[in-house]
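Chemist: mind folding the following:
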Amino acid sequence: MFERLEPLPPDAIIGIMALFRQDKDPNKVDLSVGVYQDEHGHTPVPECVRRAEHEILEAQTTKTYVGIAGNMDFNLGMENLLFGPAHPAIRDGRVTTLQSPGGSGGLCVAGHLLRRANPDTRIWLSDPSWPNHLPLLRLAGLRLELYPYYSREDHAIDFDAMLHCLEQLDAGEVLLLHGCCHNPCGADLSQDHWLKLAELCERRGVIPFIDLAYQGLSEGLEQDAYGVRLMAERVPELVVVASCSKNLGLYRERVGAVSVVSSSGARAKVVASNLANVARGIYSMPPDHGAAIAGYIMQNEELRSLWVQELDVMRHRLNSLRVLLVGKLKERGSPMDFSFIARERGMFSFLGLEKDLVVELREKFHVYMVESSRINIAGINRSNVDYVADSIVSILS
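Modeler: Numbers count the residues shown, from 1 in each chain. You can find the predicted model right below:
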């Protein structure tokens, strides 16, 4: 049987990571891998996570299953985080939440739910979008389309082109939006953009599907939930997938959730039973450890306060690195204007370099990035920023 399988090319980012590990140059810089790093190039365990984990393990008496829906403290905490405890959708019992193995697991469950609700569901992704959106949702059997989003020439959202395309969508079609910190371009929707999109979805009967993988890393926990909360007020149905990999540093624990806003409380109960049934058929039960940590932090006033402080440090570091890199490039008289990097948010930005220049950066200067020229801002620090800036200006001169 397996003789029929054909070899597949390695994942682009995994391939770059492998090349970086093999490189022996002491000046090498990795701007490819999509994880937060501190000033020392380390992905730390937040102190709030350390404390919560210790207290949970001290009190834990069993490793039995927690149930298909997952950890209830976590699910409640995520609903409050995403929608706010006083949101009308919460008050009216229209929200149902299921813990998932990471944001990817949430996308998978949500995709299968949409396919079950309507086998002909068509979902629209931004161009560009997170590379894993396409295979995850296609595997669920959804029909995929692209809408224009980011202009590589202007290094900004082409919102007019986006709206023109979305005005053609029919009722029941699904629109996938990045809640904040757009991956891979870093160009985020403004509040005015969100208002216009909410009006469009409400008027045309389009179902928003918001992927919020970086809440807290753009402007703050409350501010980054603006799009979710607005859509939940304006439309009868909404899908939200969220992750705690980045904002709590729980990458390897695979902590995510899918929340669905339904048209009524009665319909929400039907959705909850179907979400559980879909999850049962894919992975049966979710892992508990990471969700237990996240839920404990969200329900504990002292640890939640500490989390917000640590998250603030991460966010401010990312935003200050953007300004720092732009300044270093400008100081060196870069022939290309990189000021757009300081206006973007999250961990990622496109430099706007052609593939041959990306390869030259890698082979000549040992600066690694995805061949689309997407960089992880968190890979920069004060000890390598001058070298990175020198290298970029050198290949442009």
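
Chemist: these two touch, right, Ala156 and Tyr150?
Modeler: Yes - counting by CB atoms under 8 Å, Tyr150 is a contact partner of Ala156 at 7.5 Å. (Glycine included, C-beta is placed from N, CA and C.)

Chemist: I'd say Leu98 and Arg280 touch.
Modeler: No - between Leu98 and Arg280 there is no contact under CB under 8 Å: 10.7 Å.

Chemist: not counting its own residues, what contacts stretch 50-59?
Modeler: The contact list for stretch 50-59 (CB atoms under 8 Å, 6 or more residues apart in numbering) reads 292-293, 296-297, 300, 303, 306.

Chemist: how about a cut-off of 7 Å?
Modeler: Contacts of stretch 50-59 with the rest of the structure, by CB atoms under 7 Å, 6 or more residues apart in numbering, involve 292-293, 296-297, 303.

Chemist: who are the contact partners of Gly186?
Modeler: Here Gly186 is in contact with 344-346, 348-349 (CB under 7 Å, 6+ apart).

Chemist: now intersect those with the strands, please.
Modeler: 348-349 (DSSP state E).

Chemist: if any of the contacts of Gly186 are buried, put those into a ChimeraX selection.
Modeler: Those of the contacts of Gly186 that count as buried under 16 or more other CB atoms under 10 Å are selected in ChimeraX with:
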select :344,345,346,348,349
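
Chemist: mind putting the contacts of Gly186 into a markdown table with pLDDT and distance to Phe20?
Modeler: Output for these, formatted as a markdown table (pLDDT from 0 to 100; distance: CB to CB, whole Å):
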| residue | pLDDT | distance to Phe20 |
| --- | --- | --- |
| Glu344 | 97 | 24 |
| Arg345 | 97 | 25 |
| Gly346 | 96 | 21 |
| Phe348 | 97 | 17 |
| Ser349 | 97 | 19 |
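
Chemist: compare neighbour counts for Leu98 and Arg280 and give me the winner.
Modeler: A side-by-side neighbour count of Leu98 and Arg280, using other CB atoms under 10 Å, places Leu98 first with 26 against 11.

Chemist: wait, that one sits on Leu275?
Modeler: Yes - Leu98 is in contact with Leu275 according to CB atoms under 7 Å; the separation is 4.6 Å.

Chemist: can you check which residues contact both of the two?
Modeler: With CB under 7 Å, 6+ apart, Leu98 and Leu275 have common neighbours 109, 258.

Chemist: what helix or strand is Leu15 on?
Modeler: Not quite, residue 15 is Gly, not Leu. Taking DSSP states H and E as the definition, Gly15 sits inside helix 12-22.

Chemist: any idea how far that helix is from the chain center?
Modeler: Relative to the centre of its chain, helix 12-22 is centred 21 Å away, using CA atoms, centre = their mean, to the nearest Å.

Chemist: can you pull out the strands in the stretch 151-300 of the chain?
Modeler: Taking DSSP state E, counting those that start in this stretch as the criterion, the stretch 151-300 of the chain carries its strands at 156-157, 174-178, 207-212, 238-243, 255-261.

Chemist: pick the most deeply packed of those strands.
Modeler: strand 255-261 (a mean of 28; mean count of other CB atoms under 10 Å).

Chemist: who does that strand pair up with?
Modeler: strand 95-101 (antiparallel), strand 238-243 (antiparallel) (DSSP bridges).

Chemist: which parts of the stretch 1-150 of the chain are helices?
Modeler: 12-22, 47-59, 72-83, 88-91, 102-117, 133-139 (DSSP state H, counting those that start in this stretch).

Chemist: where is the longest helix in this structure?
Modeler: Looking across the chain with DSSP state H, the single longest helix is helix 301-331.

Chemist: buried residues in that helix, which are they?
Modeler: For helix 301-331, by 16+ other CB under 10 Å, it's 303-304, 306-307, 310-311, 314-315, 317-319, 321-322, 324-326, 328-329.

Chemist: who does it touch, helix- and strand-wise?
Modeler: For helix 301-331, the elements it packs on are helix 47-59, helix 289-299, helix 340-343, helix 385-396, judged by 3 or more CB pairs under 7 Å, 6 or more residues apart in numbering; DSSP states H and E.

Chemist: so which of the ones you listed gets nearest Ser262?
Modeler: helix 289-299 (22.8 Å; CB to CB).

Chemist: who's in contact with the closest one?
Modeler: Contacts for helix 289-299 (CB under 7 Å, 6+ apart): 48-49, 52-53, 56, 70-71, 73-74, 77, 81, 99, 244, 248, 250, 253-255, 303-304, 307.

Chemist: ok, stretch 264-282 next?
Modeler: 68-69, 92-96, 98, 108-109, 112-113, 116, 258, 260, 262.

Chemist: what pLDDT, on average, does it get?
Modeler: For stretch 264-282, mean pLDDT is 97.

Chemist: again with stretch 99-118
Modeler: Stretch 99-118 comes out at a mean pLDDT of 97.

Chemist: rewinding a little: how about the helices and strands packed on helix 301-331 in a markdown table, adding mean neighbour count, distance to Phe2 and mean pLDDT?
Modeler: Formatted as a markdown table, the helices and strands packed on helix 301-331 follow (neighbours: other CB atoms under 10 Å; distance: least, CB to CB, whole Å; pLDDT from 0 to 100):
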| stretch | mean neighbour count | distance to Phe2 | mean pLDDT |
| --- | --- | --- | --- |
| helix 47-59 | 15 | 40 | 97 |
| helix 289-299 | 24 | 33 | 97 |
| helix 340-343 | 18 | 46 | 97 |
| helix 385-396 | 18 | 44 | 97 |
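
Chemist: many thanks, we can stop here.
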